[in-house]
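**Student:** could you look at this predicted model? Sequence included:
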Amino acid sequence: MERPFIKNFRLSELEAWVESIGERRFRARQIFKNVYARQIASWDECSDLSKLFRVQLDFGTHLNALNLRERQESADGTLKYLFELHDGHSLETVLIPDPPRNTLCVSSQVGCAFGCTFCLTGTMGFKRNLNTAEIVDQVCQVRRDLGSRGHISNIVFMGMGEPLANYDAVINSIEVMTDPNGLAFSHRRITVSTAGLVPQLMKLGEQSPVNLAISLHASSDAVRNQIMPINRIYPLSSVMEACRCYPLAPRKRITFEYILIADLNDSIGDARNLVKLLSGMRAKVNLIPLNPHPRCTLRRPSEDRILAFQDVLRQADLTVIIRQSRGADISAACGQLAGRHHDS
Ligand code: SF4
């Protein structure tokens, strides 16, 4: 029988598992507390569990799903972690300090099948989905690494991969992240970002009150087809319709991410189209001037064009920020993640 990864279990699943090996149900809560609140490095540290059970856990399970291979720090304080998985694949996770926030950008897949032209992960192709443990362990490992130097305040599913293409593992990992006996994050502090997988998007709205971000990046099908192939399956009209029907809690808004690319989607006309698309919606817009990567021929617009684009949205009373690029010097910025050791 394969050794299970402890962080793959939601609490209810762990309760069933401990019973299946002859232990009492409440042991699952003790394990959760030890793993997530106390952040144990080995089962030996669990003095509330019998010696025999600790030995059983040690030989019969995996406590960690990731192995930290490298940690890089950007001039602006952004931290990029390279983790190795049990099968030799690797993934990257980024911590973006922006006091009082510390936002952790987690990956949900190794590579990505969607091939957006501005995104380095997209050039890798799809390798495999991460399991729940591999997603949850990104948070655990970074928390341990930070120790008393800081804490993670927010989690965004904006790293490698399309989270909604790995729906079950992402939903299960959110359950562990928000379980009071688990990582104990509020749903308000978690954001799932999607390129627009419409059926899964609707399911997410019904199942989880996390924040939603849409990678929009264009205000017409003609342009979106060029840079995001998924638009040929779920065109803008279907994505926007899903957003309009999305069960948003009072005072919540959907975030629309818009990467600004010179001479492609950065004109005043594009900005006006975007205003029309978002008309009447509870929306906020993050404008992200392109972070070019080595395999990308697209260019970042001039500062004047970026500000002019923002101005059109502001005049239409949209909440809009220009997201400053963080960690670009260590390839940790938006669209630059690739799990460096295995991206060939
Ligand atoms: S932007 Fe997101 S969906 Fe598109 S290729 Fe990159 S990881 Fe995949």
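**Tutor:** All right, it came through fine. Numbers count the residues shown, from 1 in each chain.
**Student:** ok, now which ones touch the residue in the stretch 201-344 of the chain that the ligand sits nearest to?
**Tutor:** Nearest residue of the stretch 201-344 of the chain to the ligand: residue 215, at 5.8 Å (C-beta to the nearest ligand atom). Placement of C-beta: from N, CA and C, glycine included. Shown in contact with residue 215 (C-beta atoms under 8 Å, 6 or more residues apart in numbering): 116, 193-196, 228, 257, 259.
**Student:** okay, now residue 268: neighbour count?
**Tutor:** For residue 268, the count of nearby residues is 12 (other C-beta atoms under 10 Å).
**Student:** who's in contact with the nearest residue to it once chain neighbours are set aside?
**Tutor:** Distances taken as C-beta to C-beta, 6 or more residues apart in numbering put residue 312 closest to residue 268, at 6.0 Å, once the chain neighbours are dropped. Neighbour list for residue 312: 268, 271-272, 275 [criterion: C-beta under 8 Å, 6+ apart].
**Student:** next one: residue 160
**Tutor:** 91-92, 107-112, 121, 337-339.
**Student:** any idea how far it is from residue 320?
**Tutor:** 27 Å (C-beta to C-beta, to the nearest Å).
**Student:** can you check residue 303 too?
**Tutor:** Residue 303 sits at a distance of 16 Å from residue 320 (criterion: C-beta to C-beta).
**Student:** how about residue 196?
**Tutor:** Residue 196 sits 20 Å away from residue 320, going by C-beta to C-beta.
**Student:** the more surrounded of those two?
**Tutor:** residue 196 (26 against 21).
**Student:** wait, a helix at the more buried one?
**Tutor:** No - Residue 196: not assigned to a helix; according to DSSP: H, G, I helix; E, B strand; the rest coil it is coil.
**Student:** now do the nearest residue to it once chain neighbours are set aside, the pLDDT please.
**Tutor:** Distances taken as C-beta to C-beta, 6+ apart place residue 239 nearest to residue 196, at 4.0 Å, with adjacent residues excluded. On pLDDT, residue 239 comes in at 98.
**Student:** so what's residue 239 up against?
**Tutor:** Applying C-beta under 8 Å, 6+ apart to residue 239 gives the contacts 196, 198, 201, 214, 216.
**Student:** could you point out the longest strand of the protein?
**Tutor:** Assignment by DSSP state E gives strand 90-98 as the longest strand of the chain.
**Student:** what strands line up against the following helix or strand past it, and which way round?
**Tutor:** Helices and strands here follow DSSP states H and E; after strand 90-98, the next one along the chain is strand 101-105. Strands that pair with strand 101-105, judged by DSSP bridges, come out as strand 90-98 (antiparallel), strand 154-157 (parallel).
**Student:** what about strand 101-105, near the ligand?
**Tutor:** No - shown here: strand 101-105 not in contact with the ligand (C-beta under 6 Å from any ligand atom), separated by at least 11.3 Å.
**Student:** what's in contact with the helix or strand just after that strand?
**Tutor:** The helix or strand immediately downstream of strand 101-105 is strand 109-111, counting by DSSP H and E. By C-beta under 8 Å, 6+ apart, the residues outside strand 109-111 that reach it are 85, 89-91, 121, 124-130, 160-162, 165-166, 339, 342.
**Student:** and strand 109-111, average pLDDT?
**Tutor:** 96.
**Student:** same deal with stretch 35-51?
**Tutor:** The average pLDDT for stretch 35-51 rounds to 95.
**Student:** check stretch 73-86 too.
**Tutor:** 95.
**Student:** same question, stretch 140-154
**Tutor:** Mean pLDDT, stretch 140-154: 93.
**Student:** got a list of contacts for it?
**Tutor:** Counting by C-beta under 8 Å, 6+ apart, 7, 35-36, 39, 41, 64, 66, 68, 71, 79, 81, 83, 93, 95, 97, 100-104, 139, 183, 189-191 sit against stretch 140-154.
**Student:** repeat for stretch 125-135
**Tutor:** The set of residues external to stretch 125-135 that reach it, using C-beta under 8 Å, 6+ apart, is 5-10, 62, 65-66, 85, 89, 91, 106-113, 115, 161, 165-166, 169-170, 172-173, 176, 342.
**Student:** what of stretch 50-61?
**Tutor:** Stretch 50-61 is contacted from outside by 3-6, 21, 23, 27, 31, 42-44, 46, 49, 63, using C-beta under 8 Å, 6+ apart.
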